[in-house]
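Asks: how would this look folded up:
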Amino acid sequence: MMKLDLHAERVDEAIDHVERFLDEATLRHESEALIIHGHGAGKLKKAVRDYLATSPYAFAFRPGYPSEGGDGATLVTLYE
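Replies: Below you'll find the model as predicted:
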């Protein structure tokens with residue numbers, strides 16, 4: 001599974017990275033991808049999840065399980 005760490009990124013640049021990351025994961029035929037955004041003030045987490053709600057790459061997404069980073073990460077199920 002591919003992972004993207006967005007710690008310390010600004011929202012606008014992070015969303016650009018998420019889009020390129022999901023494009024690459026889809027091209028590699030990955031079924032899932034993990035985006036690590038941390039907790040912080042929650043702005044980055046909200047922006048990532050808002051983007052995923054309309055993304056053509058994301059079939060579904062959920063907060064990470066504790067072993068995946070908990071709510072500081074988002075697991076994305078990709079369209080095949």
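
Asks: so where do the strands sit in the chain?
Replies: 2-5, 32-36, 58-63, 73-78 (DSSP state E).

Asks: List of residues touching the first one?
Replies: With Cβ atoms under 8 Å, 6 or more residues apart in numbering as the test, strand 2-5 has contacts from 17-18, 21, 24-25, 28, 30, 33-36. The way it works is simple: take the backbone N, C-alpha and C, and place the C-beta from them, glycine included.

Asks: do you know which of the strands of the chain lies nearest residue 45?
Replies: Of all the strands of the chain, strand 73-78 sits nearest to residue 45, with 7.3 Å by Cβ to Cβ.

Asks: tell me which residues of that closest one are tucked away?
Replies: 73-76, 78 (16 or more other Cβ atoms under 10 Å).

Asks: Show me what that strand is packed against.
Replies: helix 11-27, strand 32-36, helix 43-54, strand 58-63 (3 or more Cβ pairs under 8 Å, 6 or more residues apart in numbering; DSSP states H and E).

Asks: Quick one: work out the angle between that strand and strand 58-63.
Replies: 160 degrees (axes from the mean of the first three to the mean of the last three Cα atoms, to 10 degrees).
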